[in-house]
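Asks: Just a sequence and a predicted model for now, questions to come.
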Number of protein chains: 2
Amino acid sequence: MRDDRSMTLNDIAKLAGVSRSTVSRVVNDDPRVRESVRRRVQETIAQVGYQPNAAARALASRRSGVIGLVVPPSFAEVYADPWFPPLVQSCLDAARDTGFSVMVLMDSVEDEEAVTTLISRFIRPRTIEGLVITNSLQSDALTPKLQSMGFPYVLIGRAVESDRNFVDVTNRQGTRLAMRHLLEHGCRRPAMINGEETIVSALDRRLGFEDALEEAGIDLHATQRTNVDFWRPGAHDAALDMLRGDHRPDCILAASDTIAISVIDAAESIGMSVPEDLAVIGFDDINAARNERLGLTSVKQPVDALGRAAIDVLVQLINGRAQPPVQRWLDTTLSIRHTCGCDPSIAPPGDGDGRKEGAVAPG
Amino acid sequence: MRDDRSMTLNDIAKLAGVSRSTVSRVVNDDPRVRESVRRRVQETIAQVGYQPNAAARALASRRSGVIGLVVPPSFAEVYADPWFPPLVQSCLDAARDTGFSVMVLMDSVEDEEAVTTLISRFIRPRTIEGLVITNSLQSDALTPKLQSMGFPYVLIGRAVESDRNFVDVTNRQGTRLAMRHLLEHGCRRPAMINGEETIVSALDRRLGFEDALEEAGIDLHATQRTNVDFWRPGAHDAALDMLRGDHRPDCILAASDTIAISVIDAAESIGMSVPEDLAVIGFDDINAARNERLGLTSVKQPVDALGRAAIDVLVQLINGRAQPPVQRWLDTTLSIRHTCGCDPSIAPPGDGDGRKEGAVAPG
DNA sequence: TTGTACGCGTTATCAG
DNA sequence: CTGATAACGCGTACAA
């Protein structure tokens, strides 16, 4: 097509009166170049606006400088849950900081064929040097293969298998402390609306819920729990069912803020008020949770740090500076507002959005 | 690092007893290969699981097979508006269908320095072959440079300059017909809440609003209009201001569904009911608009087609099968539900979500 | 500190 | 139809 054959290393070498090697060294910050020469070369590079050809570089160095970011095929749907975009953004940010570019791979990690395609299209041709997988599922067909290939990857969210690389937040601890907080408010009929437990983090959130109940000596079988799809409506109806049932709960722990908002909505639609009739705690601490009117108490996960950690781990793996499995945990904390029953009027002043942060006191 | 030196064209050639050229031809579907030979080569390829090296291929062919997708640096915020994710998804889908991979470039198109960096990091090294720009702003520092470089790109949303490549929806026609529809409902005090007009589509939506008013002989100066930020809260307060003002409107045309929802929320918070006291029409026709309870009448844009069109145009440009400027328009239509004042009970039956689609009758 | 020479794995050109 | 052979643009031991 267009054939504006651009500058090459050779051209710069001639212009600067040195060899290609020297130019290459300058470009790659190799210290073995006399300072005066380096400056001269840099000047001619700047003058003609030379940029090394990426493909040639990748071929010779065997490094593409690209990592893949696997997102679910239902990209648009998943984004309906506002906690996901910040995660992607933090991955993109962190990747840029480490000099990597990001290729977005919208693929199922459950579908065997999709996984095969992904591998033969991006990994075997060495297009990408590593993989960040944003959704950690129980039925994961991808990581087993990556594992056996020894290909650098990191899951966001732990895997059920013990030998996987991942970064994760302490989901279990998060819901445990949240539930405990509700119990301390005097809740006696706890309930939970969880996401589908094919997602490992949902599983963990349920376990934390149960941990707290056990610690308090509450019979698990007497409590209610439902699972709904994280990304679709459904929480609303699920909440209505619970609240209209025989054993109406006095608090609901939601596995996401989106679910929590639906719960509150449902409760109010049948004349209940939050937190008087029903205490609610969510998970994620999305922006909407911080809304003054809503004041949703929520388990906060450090989304930004999570993305950065993922990239960091991946880059370590790529550079062989870490031996797999690499596993990193980040803490969740409880952002206390008022849907849990805490009185916002006694919240510490000077806190713009009436928000108080931090884990509840350990028991 | 790992040095599992994988199969090369040469290896396959030896195994199959042919030359590298022949193998290359087979890989690239070049017809000039005897059928029997082709099969033999394909078999050995399949057996050893050979995949051509992407970097070598890119170097020799001068084609990377990668396109860049420019998204705003406030990625996560922008995603707060649910119409964006489907657009990105459709771009990713369409790109995959045409054999291109997508690199996400989270960059400002307004910041001169960011633009320079983008060009020197991705375009000059020939990492990408073309660019899809998802946000068309008036203060665009990127397209002028692409234009003068002759680099293939396409804007999603028209530019104010006449020589740009773009795909866009008929925003102006959309709001024009929507406003006309409201007027036909008997609205006499129209108002609009628009997005910031630095975004060209917001500008167009305002123009369409004004078109309809002029056609109806309504004095523009007597109507109210406010601009709010598309991606942030603010519409709520803006609506309250309008509704509490001296010249309370009887209908509000919102430049997005997100804004429309805030408007309805605001109206109900002060005891007004929709559509009885206030008719509302939104824009985008996001999923939430289709919600039974909400029943938001909205100008629908064919988001999926928009993404596909963008990729299509870009690929044409890349392959030199189209001469710039290439400009493509897609139609908007009005999805009539009940916030505009239409009675849902007289809607045609058998339509699951009580939705009626299509442009209103031309005037 | 600098330059030479070869290799990276394909595609493309040109004979045959 | 097939096979040498030359690019493609850069990294890098190795030698100087």
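Replies: It's in. Numbers count the residues shown, from 1 in each chain, chains lettered A, B, ... in the order given.

Asks: any idea how far A:T98 lies from DNA strand D?
Replies: Separation of A:T98 from DNA strand D (C-beta to the nearest atom of the strand, to the nearest Å): 17 Å. Placement of C-beta: from N, CA and C, glycine included.

Asks: Chain A: helices as residue ranges?
Replies: A:9-16, A:20-27, A:35-48, A:54-61, A:75-78, A:84-97, A:112-118, A:143-149, A:171-184, A:200-215, A:235-244, A:257-269, A:303-318 (DSSP state H).

Asks: which of those helices has the lowest average pLDDT?
Replies: With a mean of 74, helix A:75-78 has the lowest mean pLDDT of those.

Asks: Would you pull up the residue in the stretch 251-363 of chain A closest to chain B?
Replies: For the stretch 251-363 of chain A, the residue closest to chain B is A:G320, as judged by C-beta to the nearest C-beta, at 4.4 Å.

Asks: and that residue, how many neighbours?
Replies: 10 (other C-beta atoms under 10 Å in any protein chain shown).

Asks: same question, A:D219
Replies: A count of neighbours around A:D219, defined by other C-beta under 10 Å, yields 8.

Asks: Ok, A:N10 next?
Replies: 11.

Asks: same thing with A:Q47?
Replies: A:Q47, neighbours per other C-beta under 10 Å, totals 11.

Asks: Look up how far B:Y153 lies from it.
Replies: To B:Y153, A:Q47 is 26 Å away according to C-beta to C-beta, to the nearest Å.

Asks: same thing with A:E113?
Replies: A:E113 is 33 Å from B:Y153, where distance means C-beta to C-beta.

Asks: Of these two, give the one with the bigger neighbour count.
Replies: B:Y153 (26 against 9).

Asks: Isn't the more buried one up against B:I128?
Replies: No. Counting by C-beta atoms under 8 Å, B:Y153 stays clear of B:I128, with 10.0 Å between them.

Asks: returning to what we had before: could you dump the helices of chain A to a markdown table with distance to DNA strand C?
Replies: Output for the helices of chain A, formatted as a markdown table (distance: least, C-beta to the nearest atom of the strand, whole Å):
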| stretch | distance to DNA strand C |
| --- | --- |
| helix A:9-16 | 7 |
| helix A:20-27 | 4 |
| helix A:35-48 | 4 |
| helix A:54-61 | 4 |
| helix A:75-78 | 30 |
| helix A:84-97 | 25 |
| helix A:112-118 | 18 |
| helix A:143-149 | 16 |
| helix A:171-184 | 42 |
| helix A:200-215 | 37 |
| helix A:235-244 | 50 |
| helix A:257-269 | 46 |
| helix A:303-318 | 18 |
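
Asks: tally of neighbours for the nearest residue in space to A:P82 that is not next to it in sequence?
Replies: Excluding its sequence neighbours, the residue lying closest to A:P82 (C-beta to C-beta, 6 or more residues apart in numbering or on different chains) is A:I286, at 4.7 Å. Counted with other C-beta under 10 Å, the neighbours of A:I286 add up to 25.

Asks: just A:P325 next, same as before
Replies: 15.

Asks: In the stretch 201-350 of chain A, what residue lies closest to DNA strand D?
Replies: Closest residue of the stretch 201-350 of chain A to DNA strand D, C-beta to the nearest atom of the strand: A:N319 (12.7 Å).

Asks: same question, the stretch 151-300 of chain A
Replies: A:P152 (18.0 Å).

Asks: Just to check, that residue is in contact with A:R321?
Replies: No. Applying C-beta under 8 Å as the test, A:P152 and A:R321 come out as separate, 11.0 Å apart.

Asks: The two: which has the busier surroundings?
Replies: Legend: neighbour count by other C-beta under 10 Å for A:P152 and A:R321, higher for A:P152 (26 against 9).

Asks: dump the residue contacts of that one.
Replies: If you count contacts by C-beta atoms under 8 Å, 6 or more residues apart in numbering or on different chains, A:P152 has them with A:129-131, A:314, A:317-318.

Asks: same check, this time on A:F151
Replies: Here A:F151 is in contact with A:123, A:130-131 (C-beta under 8 Å, 6+ apart).

Asks: Phi and psi next, for it.
Replies: Here is the backbone geometry of A:F151 (degrees, to the nearest 10): phi -80, psi 130.

Asks: Would you point out which residue is most central in chain A?
Replies: Centrality entry for chain A: nearest residue to the mean C-alpha point is A:L87, 4.5 Å, by C-alpha atoms, centre = their mean.

Asks: could you list every residue that touches that one?
Replies: A:L87 touches A:134, A:156, A:303, A:306-307, counting by C-beta under 8 Å, 6+ apart.

Asks: Can you give me the distance of it to DNA strand D?
Replies: For A:L87, the distance to DNA strand D - C-beta to the nearest atom of the strand - is 32 Å.

Asks: Over to A:R126?
Replies: Distance from A:R126 to DNA strand D, by C-beta to the nearest atom of the strand: 14 Å.

Asks: Please apply the same query to A:A94.
Replies: A:A94 sits 23 Å away from DNA strand D, taking C-beta to the nearest atom of the strand as the criterion.

Asks: The closest residue to that residue other than its chain neighbours - how many residues pack around it?
Replies: Residue nearest to A:A94 in three dimensions, not counting chain neighbours: A:I311, with 3.8 Å by C-beta to C-beta, 6+ apart. Counted by other C-beta under 10 Å, the residues lying close to A:I311 total 27.

Asks: And A:P190, by the same measure?
Replies: For A:P190, using other C-beta under 10 Å, the count is 23.

Asks: Let me see the domain layout of chain A.
Replies: Here the domain assignment for chain A is A:1-41, A:66-169+A:304-330, A:171-301, based on automatic domain parsing.

Asks: Same list (the ones you listed) but as CSV, adding distance to B:V299.
Replies: Listed next are the domains of chain A as CSV, based on distance: least, C-beta to C-beta, whole Å:
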stretch, distance to B:V299
domain A:1-41, 38
domain A:66-169+A:304-330, 19
domain A:171-301, 23
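
Asks: Can you say which of those domains is nearest to B:D241?
Replies: domain A:171-301 (17.5 Å; C-beta to C-beta).

Asks: gap between the closest one and the chain center?
Replies: 21 Å (C-alpha atoms, centre = their mean, to the nearest Å).

Asks: near chain B, which residues of the stretch 251-363 of chain A?
Replies: A:287, A:291, A:318-320 (C-beta under 8 Å from any C-beta of the partner chain).

Asks: Centre of the chain to stretch A:144-158, how far?
Replies: Relative to the centre of its chain, stretch A:144-158 is centred 16 Å away, using C-alpha atoms, centre = their mean.

Asks: From DNA strand C, how far off is A:L330?
Replies: 38 Å.

Asks: Settle this for me: that residue is touching A:Q173, isn't it.
Replies: No. Under the criterion of C-beta under 8 Å, A:L330 is not in contact with A:Q173, lying 10.9 Å apart.

Asks: which of those two has more neighbours?
Replies: A:Q173 (19 against 15).

Asks: Can you get me a residue count around A:A60?
Replies: Neighbour number of A:A60 under other C-beta under 10 Å is 12.

Asks: what about it, distance to A:L9?
Replies: A:A60 sits 11 Å away from A:L9, going by C-beta to C-beta.

Asks: next one: A:P31
Replies: A:P31 is 19 Å from A:L9, by C-beta to C-beta.

Asks: When these two are compared, which one has more neighbours?
Replies: More crowded of A:P31 and A:L9, by other C-beta under 10 Å: A:L9, with 20 against 6.
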